[in-house]
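Engineer: This is a predicted model, with the sequence first.
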Amino acid sequence: MPTTIASENLECPECGEKYICIRDDYAPYGMCLNCGVQHELLQCTYCDKPIIVDEDVIDGESICCDECYKLLYE
């Protein structure tokens, strides 16, 4: 279980702050604690970091964070 309430790596697309909740016992998982917008978070297939998903993901589809994408495809 994470020891922090909000992710230091996830920036809210709505308000630009890094206050996305990563602990269900504090607020809903994926909610921005600054502006209240609920985001869908999924884990990167390769490194397990949480990432904000702003589009529909097909079951079984691999998703990756920006860092893994750069390592794999650039």
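Structural biologist: Sure thing, it's come through.

Engineer: middle-most residue in the chain, spatially?
Structural biologist: Centroid-nearest residue in the chain, with CA atoms, centre = their mean: residue 51, separated by 2.8 Å.

Engineer: List the buried residues for the host helix or strand of it?
Structural biologist: Using DSSP states H and E, residue 51 sits in strand 50-53. Residues 50, 51, 52 are the ones in strand 50-53 that count as buried (16 or more other CB atoms under 10 Å). Placement of C-beta: from N, CA and C, glycine included.

Engineer: and of those residues, the nearest to residue 72?
Structural biologist: Distance to residue 72, by CB to CB, is smallest for residue 51 among the buried residues of strand 50-53, at 14.3 Å.

Engineer: Is it correct that the closest one is in contact with residue 68?
Structural biologist: No: look at residue 51 against residue 68 with CB atoms under 8 Å: they stay out of range, at 9.4 Å.

Engineer: Residues that sit against both of those two, list them.
Structural biologist: By the contact definition CB atoms under 8 Å, 6 or more residues apart in numbering, residue 51 and residue 68 are jointly contacted by residue 44.

Engineer: ok so, going back, could you single out the nearest of the buried residues of strand 50-53 to residue 40?
Structural biologist: Nearest to residue 40, judged by CB to CB, of these is residue 52 at 7.2 Å.

Engineer: out of the buried residues of strand 50-53, who's nearest residue 16?
Structural biologist: Nearest to residue 16 among these is residue 52, at 12.6 Å by CB to CB.

Engineer: Let me see the contact set for that closest one.
Structural biologist: 10, 13, 20, 30, 39, 40, 41.

Engineer: Tell me where the model's unsure across the chain.
Structural biologist: 1-3, 56-60 (pLDDT under 70).

Engineer: can you give me the strands in it?
Structural biologist: Along the chain, the stretches classed as strands by DSSP state E are 40-43, 50-53.

Engineer: ok, residue 53 touching residue 30?
Structural biologist: No: Residue 53 lies out of contact with residue 30 (CB under 8 Å); the separation is 9.3 Å.

Engineer: Give the residues shared as contacts by the two.
Structural biologist: 39, 40, 41.
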